[in-house]
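Asks: following is a predicted model, sequence given first.
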Amino acid sequence: MASKRRGGSRPSWRDRAFVVRTYDFGEADRVIVLLTRTHGLVRGVAKGVRKSRSRFGSRLQPFVDLDVQVYPGRGLSTITAADTVAYHGAHIIEDFERYAAACAVLETAEKLTYEEGDTVLFDLVKNSIAQLQTANDPTQVLDAFILRATEHAGWGLSLYNCANCERLGPHRAFHAAVGGAVCTNCRPPGSLEVDPETLHAMWLLANGYAYAPAALNAGASATVLAQVHRATTAHLQYHLEAGLKSLRMMEQA
């Protein structure tokens, strides 16, 4: 919602937001990169937040669902208020796997969003960050987010039929550049060898279902989930044409 003008400038607005990145600016200020629900990616200055007693600054941190007020600027905007809607940080920052997965969710969203707002992407971020507080398998939450967010961005995968010739599956290979599952005749060099159950698990995650393979033994389940993560991140990084720092951080755990 827009509010009154200040000094003839454009009207301010309020929106829901997550902090994606921050960096220091001047002696006491900080630049905050916000993923907002209806205004897209916004870079704004939060003045005075590096002062030790700044309650305002304590709210402007990752993994907090915020309601922010922003005055638009020609370059950087100005963040003048931030109220906490929901705080998810406590259980996330205490656990490295949850923390790394949550960072990867935010970094992926930053790469996929533009200046225009994307309410679907924002809600996927919000729901994933909330789930990461209690999820038994944070990596599965991340993979589900990547698959759903990339499909929303127009990069959906073929996970049963061959992505090249549409031959009926299930198949045993995956190639990100081709667009998903590939049959024996179409598979290019460098394709990932996968269990057909891996492609089924990816389909479930992409369509909003959890993967709970009760019929498989623990070793087989772990193999499938490892293959899901490898294929999913290969798919993301192929389309982004770059790696993500947060994914490299997860690999070091």
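Replies: Structure received.

Asks: show me the shaky parts of the chain.
Replies: Applying pLDDT under 70 to the chain picks out residues 1-9, 52-54, 57, 115, 213-220, 252-253.

Asks: quick one: the helices in it, in order.
Replies: For the chain, helices defined by DSSP state H occupy the ranges 55-59, 89-93, 96-112, 119-132, 138-152, 196-206, 218-240, 245-251.

Asks: mind putting these in TSV, mean neighbour count included?
Replies: To be clear about C-beta, it is placed using only N, CA and C from the backbone, and glycine gets the same treatment. TSV is the format used below for the helices of the chain (neighbours: other Cβ atoms under 10 Å):
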stretch	mean neighbour count
helix 55-59	15
helix 89-93	15
helix 96-112	22
helix 119-132	19
helix 138-152	23
helix 196-206	22
helix 218-240	18
helix 245-251	15
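
Asks: ok, which of those helices comes nearest residue 19?
Replies: Nearest of those to residue 19, taken as Cβ to Cβ: helix 96-112 at 8.1 Å.

Asks: in JSON lines, list the helices of the chain along with distance to residue 21.
Replies: As requested, the helices of the chain are exported to JSON lines (distance: least, Cβ to Cβ, whole Å):
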{"stretch": "helix 55-59", "distance to residue 21": "15"}
{"stretch": "helix 89-93", "distance to residue 21": "16"}
{"stretch": "helix 96-112", "distance to residue 21": "7"}
{"stretch": "helix 119-132", "distance to residue 21": "14"}
{"stretch": "helix 138-152", "distance to residue 21": "18"}
{"stretch": "helix 196-206", "distance to residue 21": "26"}
{"stretch": "helix 218-240", "distance to residue 21": "16"}
{"stretch": "helix 245-251", "distance to residue 21": "11"}
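
Asks: out of these, flag the one nearest residue 159.
Replies: In terms of Cβ to Cβ, the element of the helices of the chain nearest to residue 159 is helix 196-206, at 4.5 Å.

Asks: let me know the angle separating the closest one from helix 138-152.
Replies: If you take axes from the mean of the first three to the mean of the last three Cα atoms, to 10 degrees, helix 196-206 sits at 70 degrees to helix 138-152.

Asks: follow-up on the earlier one: residue 171 is nearest to which of the helices of the chain?
Replies: Taking Cβ to Cβ, helix 196-206 is the member of the helices of the chain nearest to residue 171, at 6.9 Å.

Asks: before we move on, the earlier item: right, and the helices of the chain - which one's nearest residue 160?
Replies: The closest of the helices of the chain to residue 160 is helix 196-206. By Cβ to Cβ, the value is 6.8 Å.

Asks: and that closest one with helix 218-240, angle?
Replies: Following the same axes, to 10 degrees, one obtains 60 degrees for the angle between helix 196-206 and helix 218-240.
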